[in-house]
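>>> Sequence first, predicted coordinates after that:
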Amino acid sequence: MFPELETDRLLLRELDEKDTRALYTILSRPDVTVHYGQEPFNTIEEARSLLAIFNMNYSMQKGIRWGIVEKSSGNLIGTIGYHAWHQKHKRAEIGYELHPDFWSKGYGSEAITEVISYGFNALQLNRISAIVYPENIPSQKMLERSGFYREGTLAKYMVQNNHIYDCFMYCLLHPLLRE
């Protein structure tokens, strides 16, 4: 059964077909995808395909992606979750996006705090990593406020819009493993 998580303002729940339009609305925006590692969606079918990937990753225990729902409106405002989940090695990479109407309002920090807790407690992760473009200062600040530290630079790590990008690797270790 897919785990639901809850914060003061947010419900983190399983994504399904009814979320296709909202996901398309978010990921068709160049201001959202500029640091996302992919080009903006051009068709709703791209959103439907991404939902299928999220669901397949969960069924294969390679990832888990929650829809971020604002409780007061009931609207899907983004997604957050783990991909590159390696149970044997007890590590995963976190990723997220929010609709710009919800940027700089603490929603990302609220969601990431709950998902980190779930990762360490329920998934028994030892390490959570994040890949961030150097230009994405708001995401770096949110990760740092959440306890992540920058490990280094991954040279020429991502290609987006035919441009090769360096990326920063961020890491958060389980509290019992921190020195």
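Okay, I see it. Residues are numbered from 1 along each chain as shown.

>>> is the nearest residue to residue 98 once chain neighbours are set aside in a bridge, and if so with what?
The shortest distance from residue 98 to any non-neighbouring residue, by C-beta to C-beta, 6 or more residues apart in numbering, is to residue 78 (3.7 Å). C-betas here are computed from N, CA, C, even on glycine. Assessed by DSSP bridges, residue 78 has beta-bridge partners residue 68, residue 98.

>>> Isn't residue 78 up against residue 27?
No. Between residue 78 and residue 27 there is no contact under C-beta atoms under 8 Å: 9.7 Å.

>>> Need the overlap of contacts for the two.
Counting by C-beta atoms under 8 Å, 6 or more residues apart in numbering, the shared contacts of residue 78 and residue 27 are residue 97.

>>> ok, those two, which is more surrounded?
residue 78 (25 against 21; other C-beta atoms under 10 Å).

>>> Next, the contact list for that one, please.
Here residue 78 is in contact with 26, 67, 68, 96, 97, 98, 99, 102, 107, 108, 111 (criterion: C-beta under 8 Å, 6+ apart).

>>> I figured the third one hits residue 81, correct?
Read that as residue 68. No. Counting by C-beta under 8 Å, residue 68 does not reach residue 81; the two are 9.7 Å apart.

>>> hmm, back to that, just among the contacts of residue 78, which is most surrounded?
Ranked by the number of neighbours (other C-beta under 10 Å), the contacts of residue 78 place residue 68 first, at 31 neighbours.

>>> any low-confidence regions in the chain?
Residues of the chain meeting the criterion pLDDT under 70: 179.
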